[in-house]
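K.L.:
okay, sequence plus prediction incoming.
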Amino acid sequence: MSERSAEIKRQTAETNITLQLNLDGKGQGKISSGIGFFDHMLNLFTAHGQLDLTLNCQGDLQVDGHHSVEDIGIALGDAFKQAIGDKKGICRYGTFYLPMDESLAFVTLDISGRPFLVYDGGEMAPQVGGFDTELTEEFLRAFAMHAGITLHVKILYGTNTHHKIEAIFKALGHALRQAVSFDPKVTGIPSTKGML
């Protein structure tokens with residue numbers, strides 16, 4: 001793995017997660033959450049973000065998917081925060097509009113050290129496959145809070161729930177890819193405060 005990489009092991013009474021993240025990867029994912037649609041979304045996020053992500057989660061899916069999805073967000077956020085390191089030379093900000101057929105998603109973020117989520121997914125069907133669609137927001141919140149990023153996500157329009165969520169995960173990958181990339185004009189921390 002590259003210098004900007006991390007490995008997280010998180011075990012609770014509800015989930016057992018092992019995760020490896022490489023910010024300077026090739027978009028390769030080896031993902032098993034136990035929730036097929038969520039695996040698909042994480043693979044898309046990985047490919048479009050040009051990250052490498054290996055993830056295995058064994059969770060209490062006999063209850064529902066909530067604990068697994070939220071805890072994966074926590075573990076991914078922790079891994080991101082560790083992998084990004086001192087943040088010297090990074091672009092810091094990322095913004096992306098992504099069309100998915102009739103749906104359009106907007107994602108913008110700041111690797112700020114000040115975690116925050118603004119989420120507006122609009123109306124969605126309750127489930128896609130075995131995935132509770134309200135868990136999209138739970139994943140994003142857990143990830144943003146533990147990664148230390150300010151994250152704004154909005155579906156501008158669309159009708160198909162699968163397309164809306166897919167657009168969000170792809171746009172998040174692209175926005176993150178922009179933000180973690182290096183800016184040749186920035187030699188130190190990209191903040192007038194001198195810290196992020």
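P.N.:
Good, I have the coordinates.
K.L.:
skipping its backbone neighbours, what lies nearest Leu104 in space?
P.N.:
Spatial nearest neighbour of Leu104, excluding adjacent residues (Cβ to Cβ, 6 or more residues apart in numbering): Leu156 at 4.4 Å. No exception for glycine: its C-beta is placed from N, CA and C like everyone else's.
K.L.:
wait, is that neighbour part of a helix?
P.N.:
No - assigned with DSSP: H, G, I helix; E, B strand; the rest coil, Leu156 falls outside any helix and is strand.
K.L.:
measure it to Glu102 for me?
P.N.:
With distances taken as Cβ to Cβ, to the nearest Å, Leu156 is found 11 Å from Glu102.
K.L.:
got the contact list for the nearest residue to Gln127 once chain neighbours are set aside?
P.N.:
Once flanking residues are discounted, Gln127 sits nearest to Thr133: 6.3 Å by Cβ to Cβ, 6+ apart. Applying Cβ atoms under 8 Å, 6 or more residues apart in numbering, we find Thr133 in contact with Gly121, Met124, Ala125, Pro126, Gln127, Thr161, Ile165.
K.L.:
who does the fifth one form a beta bridge with?
P.N.:
The residues paired with Gln127 through beta bridges, assigned by DSSP bridges, are Asp132.
K.L.:
do you have the strands of this protein handy? List them.
P.N.:
Here the chain has its strands, by DSSP state E, at 5-11, 15-22, 29-32, 52-59, 93-100, 103-110, 116-120, 127-128, 131-132, 150-157.
K.L.:
for Val186, which of these is the nearest?
P.N.:
strand 93-100 (11.5 Å; Cβ to Cβ).
K.L.:
parallel or antiparallel, which strands does that closest one pair with?
P.N.:
When pairing is defined by DSSP bridges, strand 93-100 lines up against strand 103-110 (antiparallel).
K.L.:
CA atoms only: put the strand it pairs with into PDB for me.
P.N.:
These are the backbone C-alpha positions of strand 103-110, laid out as PDB (Å, rounded to 0.1, in the frame of the first residue of the first chain):
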ATOM      1  CA  SER A 103     -31.100  11.600 -11.700                       C
ATOM      2  CA  LEU A 104     -28.600  14.300 -10.900                       C
ATOM      3  CA  ALA A 105     -26.500  14.400  -7.700                       C
ATOM      4  CA  PHE A 106     -24.400  17.200  -6.300                       C
ATOM      5  CA  VAL A 107     -21.600  16.500  -3.800                       C
ATOM      6  CA  THR A 108     -19.200  19.000  -2.400                       C
ATOM      7  CA  LEU A 109     -16.700  18.600   0.400                       C
ATOM      8  CA  ASP A 110     -13.900  20.200   2.400                       C
END
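K.L.:
spatially nearest residue to Asp39 (excluding sequence neighbours)?
P.N.:
Closest to Asp39 by Cβ to Cβ, 6+ apart is Ile31, at 5.0 Å.
K.L.:
can you count the residues close to the one you found?
P.N.:
Neighbourhood size, Ile31 [other Cβ atoms under 10 Å]: 19.
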